[in-house]
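> when you get a sec, could you give me coordinates for this:
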Amino acid sequence: MVRKNDIHRESKNDRFIRVAERRTGKVLTDLRLLGQCANRRTYDYSPDQVRKIFREIRRTLAAVEKRFDETGVKTQFKLR
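So this is what the prediction gives:
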């Protein structure tokens, strides 16, 4: 656990690692929990519902991944 005073002295990379590891762990835990919904003895769902869930997960993941890939360089509009 990082104390309040230590956070102010923490480098940007150290802060990224601390926060990203915790948030990634939460995402992975929630995905595992979502996997428990596949239990047909407990839940009833349609293939369409499953497609919608994973389509949204993929869409959101791609959007987040794109934020990490952005270099800040804007592409110029071109018709050709």
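
> now the residue nearest the centre of the chain: how far from Val27?
By Cα atoms, centre = their mean, the mean C-alpha position of the chain lies nearest to Leu61, the distance being 5.5 Å. Plainly put, Leu61 is 9 Å away from Val27 if you go by Cβ to Cβ, to the nearest Å. Quick note: C-beta positions are derived from backbone N, CA and C, even for glycine.

> just so I have it, where are all the helices in the chain?
Here the chain has its helices, by DSSP state H, at 4-9, 12-35, 47-69.

> now render those helices as a markdown table, adding distance to Phe77.
A markdown table is the format used below for these (distance: least, Cβ to Cβ, whole Å):
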| stretch | distance to Phe77 |
| --- | --- |
| helix 4-9 | 42 |
| helix 12-35 | 33 |
| helix 47-69 | 19 |
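
> include distance to Arg80 and mean pLDDT when you put those into CSV, please.
CSV is the format used below for these (distance: least, Cβ to Cβ, whole Å; pLDDT from 0 to 100):
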stretch, distance to Arg80, mean pLDDT
helix 4-9, 51, 70
helix 12-35, 40, 97
helix 47-69, 25, 96
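
> and those: which comes nearest Lys78?
Lys78 sits nearest to helix 47-69 of all the helices of the chain, at 20.4 Å, using Cβ to Cβ.

> just the buried positions in the closest one, please.
For helix 47-69, a neighbour-count test (16 or more other Cβ atoms under 10 Å) marks nothing as buried.

> backbone dihedrals for Thr42, please?
Thr42 adopts backbone torsions of phi -110, psi -30, taken as degrees, to the nearest 10.
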